[in-house]
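Q: Any chance you can model this:
(2 chains)
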Amino acid sequence: MSTLSKPMLEFKNVSVHYGAIEAIHDVSFQVRQGEIVTLIGANGAGKTTTLRAASGLVKVSRGSIEFRGKTISNLPPHEIVRNRIYQAPEGRGIFLNLSVEENLDLGAWAAPNKSTLKADLENAFELFPRLKERRKQNAGTLSGGEQQMLAIARALMGHPELLLLDEPSLGLAPQIIERIFEIVQKINQQGKTVLLVEQNALQALQIAHQGVVLETGKVLTQKSARELLASDEVRKAYLGE
Amino acid sequence: MIELIQHLVNGLSLGAIYALIALGYTMVFGVLQLINFAHGDVYMLGAFIGLYVSRHFALGDHPSLGNLIGVLVCAMIGCAIVGFLIERMAYRPLRKSSRINVLITAVGVSLFLEFSGQLLFGSDPKFFPQIYKPEGDWTLGALVINPLQVMVLGISLTLMALLQFVIFKTRLGRAMRAVSFNHDLASLMGIPTDRVISYTFMLGSALAGAAGVLVGLTYPKIEPLMGVMPGLKAFVAAVLGGVGNVVGAVVGAITLGLAEEFLVGYWSPNYRDALAFAILILILLFKPTGLFGAKRTEKV
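A: Predicted coordinates for the structure are as follows:
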């Protein structure tokens, strides 16, 4: 791991408990600016919990999470958002009771500059033309792929520096998954740092710079995506070979 | 025909009062999934705040519309503060507790307000001063309409329209709708959910306070337990409309007001209170989601 640039996001020995159950244990890893880092691992390995901790949705019981050197662990979620960390949550967490446009407006709730709202909307629609066609429609009427696109577009409305994506490929058809991954890559090339949780390890590693492998709540390893793709162990365990 | 119109006007103004109270139930349910059983007592406090403000400034001596509006504003602000305190002190500490704990707390808050009311104001009924007394009745042939009733209806509808505006056109309203959909998701947008919940309580309580003053004006005997029955009925109205649904609450309340008035007018006043509970039982048996509850559209 080259450590020329300082980490943007750093997990330092983080543990999270749900009651008596420890969901993640002593998790440490780093995300550097400009990278796509993917968290991979089996179901129940603690990937989503890790993201929820970064967003402040779950309390960290030990260790700390730092963003640009500042401790953000256990801040309320709406304060973490002010550090320009946005999450597109699992299961296409969008407001099904609101229209597409209202969803996007909510994404800009804590945006640093309200005057860019119009331009940001146009950018979102340029990235996801389908959403423009359906802007007045209720988000609940969108297809699964469109809902995922909306979740990502909404997260972008707040001008994130760090984008947290939780299983964007979940339950989607292969062509749509491919499209979503292309978009994630494009977003990254436009300068956004991405922390991507995926079960679809192969595709995630193909677009990522770094991979963090989680197993039963612990970090097994953090390596460059290329190394992970080449490693026999990882290929066997997570890439289904 | 004349009688029918008369009942229609009466039923509408009664329904409008229920609607003002039902809106608070339904908004709070929207953001917290909590039936705030203390809500009827906030309405009672609204009436008493109105009473004491009117007495203090001797507003009954020179009735005017300005007096009414001033008293309304005082009662609404007072009740908003009460609503804020109830949420902050009773419900917020239980945010992570099971719903049954919160529900029991709500009943406790309700009893607390009722009996503190008896202690503070005395349990005997008090007369609400006539702070607004429009001249004469409006007659249209044999039809006699009390302008006070029309004013009550007008003020209620104006407040409801204002609420609609807040919910659907403002930043706060958007945040309320987001919180009512999902707290975690709303907080990921940067919305301070606790603050939005506070505002929701304040808005709902302010409407209940307004209802208290309007009732004091039309049925001028007020006492500390006056909130129990209207509170329960407004709750029925909210369930009838589909609890959590703002438009449903208004429709449910107007329906209930009209139904009561027609029952009393054409059959017997003895069953007035039974009607609401019969409706509640029927709704829970046959359509527990309420009239507008089936599709989860605009919840606050």
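
Q: what about the one helix or strand residue B:154 maps to and chain A, any contact?
A: Using DSSP states H and E, residue B:154 sits within helix B:147-169. No: judged by CB under 8 Å from any CB of the partner chain, helix B:147-169 stays clear of chain A, getting no closer than 9.8 Å. For glycine as for every other residue, the C-beta is placed from the backbone atoms N, C-alpha and C.

Q: Give me the contact list for that helix.
A: B:9-10, B:12-13, B:16-17, B:19-20, B:23, B:65, B:68, B:72, B:132-138, B:172-173, B:176-177, B:203, B:207, B:210-211, B:214, B:217-218, B:246, B:250, B:298, B:300 (CB atoms under 8 Å, 6 or more residues apart in numbering or on different chains).

Q: what about the closest residue to chain B within chain A, is that helix, strand or coil?
A: Closest to chain B within chain A is residue A:110: 2.8 Å, counting by CB to the nearest CB. Assigned with DSSP: H, G, I helix; E, B strand; the rest coil, residue A:110 falls in the coil class.

Q: Against residue A:82, how distant is the nearest residue to it once chain neighbours are set aside?
A: Leaving aside its sequence neighbours, residue A:110 sits nearest to residue B:190 (CB to CB, 6 or more residues apart in numbering or on different chains; 2.8 Å). For residue B:190, the distance to residue A:82 (CB to CB, to the nearest Å) stands at 7 Å.

Q: overlap in contacts of these two?
A: residue A:110.

Q: Inside helices: which ones of the contacts of helix B:147-169?
A: Per DSSP state H, helices hold the following members of those: B:9-10, B:12-13, B:16-17, B:19-20, B:23, B:65, B:68, B:72, B:172-173, B:176-177, B:203, B:207, B:210-211, B:214, B:217-218, B:246, B:250.

Q: Just the buried subset of the residues you listed, please.
A: Neighbour-count burial (16 or more other CB atoms under 10 Å in any protein chain shown) applied to the ones in helices among the contacts of helix B:147-169 gives B:9-10, B:12-13, B:16-17, B:19-20, B:23, B:68, B:72, B:172-173, B:176-177, B:203, B:207, B:210-211, B:214, B:217-218, B:246, B:250.

Q: Return only those of the residues you listed found close to chain A.
A: For chain A, the contacts drawn from these by CB under 8 Å from any CB are residue B:177.

Q: Confirm that residue A:212 sits in a strand.
A: Yes: under three-state DSSP, residue A:212 sits within a strand.

Q: Surely it touches residue A:38?
A: Yes: with contact defined as CB atoms under 8 Å, residue A:212 counts as touching residue A:38 (7.2 Å).

Q: separation between the closest residue to chain A within chain B and residue A:123?
A: Closest contact between chain B and chain A, by CB to the nearest CB, is at residue B:190 (2.8 Å). As for residue B:190, its distance to residue A:123 is 19 Å (criterion: CB to CB).

Q: Comparing these two, which shows the higher neighbour count?
A: Comparing residue B:190 with residue A:123 by other CB atoms under 10 Å in any protein chain shown, the one with more neighbours is residue B:190, at 22 against 15.

Q: Low-confidence regions, chain B specifically.
A: Applying pLDDT under 70 to chain B flags residues B:294-300.

Q: Repeat that for chain A.
A: In chain A (pLDDT under 70), the answer is A:1-5, A:239-241.

Q: Any residues of chain B in contact with chain A? List them.
A: B:171, B:174-175, B:177-178, B:180-182, B:184-193, B:296-299.

Q: ok, now with 6 Å
A: B:178, B:181, B:184-185, B:187-192, B:296, B:299 (CB under 6 Å from any CB of the partner chain).

Q: can you give me the strands in chain A?
A: In chain A, the strands defined using DSSP state E lie at A:7-18, A:21-32, A:36-40, A:62-67, A:70-71, A:85-88, A:162-166, A:193-198, A:210-215, A:218-224.

Q: One more: the stretch 51-200 of chain B?
A: Counting by DSSP state E, counting those that start in this stretch, the stretch 51-200 of chain B has strands at residues B:126-127, B:138-140, B:143-145.

Q: Separate out the buried members of the residues of chain B next to chain A.
A: Using 16+ other CB under 10 Å, the buried ones in these are B:178, B:181, B:184-185, B:187-192, B:296, B:299.

Q: Next one: residue A:79 from residue A:188, what distance?
A: 25 Å.

Q: now residue A:84
A: With CB to CB as the criterion, residue A:84 and residue A:188 are 15 Å apart.

Q: all strands of the stretch 201-300 of chain B, in order?
A: For the stretch 201-300 of chain B, the strands defined by DSSP E, counting those that start in this stretch occupy B:221-222.

Q: how about the helices of it, start to end?
A: B:228-241, B:246-266, B:272-286 (DSSP state H, counting those that start in this stretch).

Q: Which one of those lies nearest to residue A:162?
A: Evaluated over the helices of the stretch 201-300 of chain B, closeness to residue A:162 peaks at helix B:246-266, with 36.5 Å, by CB to CB.

Q: Show me what that closest one is packed up against.
A: helix B:2-32, helix B:228-241, helix B:272-286 (3 or more CB pairs under 6 Å, 6 or more residues apart in numbering or on different chains; DSSP states H and E).

Q: Report the angle between the lengthiest helix in chain A and strand A:36-40.
A: Counting residues, the longest helix found in chain A (DSSP H) is helix A:174-189. With axes from the mean of the first three to the mean of the last three CA atoms, to 10 degrees defining the directions, helix A:174-189 sits at 140 degrees from strand A:36-40.

Q: name the helices or strands packed onto helix A:174-189?
A: helix A:201-207.

Q: Show me what counts as buried in the helix it packs on.
A: A:201, A:203-205, A:207.

Q: Restricting to the residues you listed, which residues neighbour chain B?
A: Okay, of the buried residues of helix A:201-207, nothing touches chain B (CB under 6 Å from any CB).

Q: want to try a markdown table for the residues you listed, with distance to residue A:228 as columns?
A: Compiled in a markdown table, the buried residues of helix A:201-207 are given as follows (distance: CB to CB, whole Å):
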| residue | distance to residue A:228 |
| --- | --- |
| A:201 | 8 |
| A:203 | 13 |
| A:204 | 10 |
| A:205 | 6 |
| A:207 | 13 |
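
Q: Report the two of the residues you listed separated the most.
A: It's A:201 and A:207 that sit farthest apart of the buried residues of helix A:201-207, by CB to CB, at 11.6 Å.

Q: ok now do residue A:168, which residues does it touch?
A: By CB atoms under 6 Å, 6 or more residues apart in numbering or on different chains, residue A:168 lies in contact with A:148, A:180.

Q: again with residue A:152
A: Contacts of residue A:152 by CB under 6 Å, 6+ apart are residue A:88.

Q: That one and residue A:113, how far apart?
A: For residue A:152, the distance to residue A:113 - CB to CB - is 20 Å.

Q: circling back: nearest to residue A:225, out of the buried ones among the residues of chain B next to chain A: which one, please.
A: residue B:188 (26.7 Å).

Q: bridging residues for the residue lying closest to the closest one once chain neighbours are set aside?
A: Nearest residue to residue B:188, sequence neighbours excluded (CB to CB, 6+ apart): residue A:87, at 5.3 Å. Counting by DSSP bridges, residue A:87 forms beta bridges with residue A:164.

Q: Residue A:87 contacts residue A:55, correct?
A: Yes: look at residue A:87 against residue A:55 with CB atoms under 6 Å: they come within range, at 4.7 Å.
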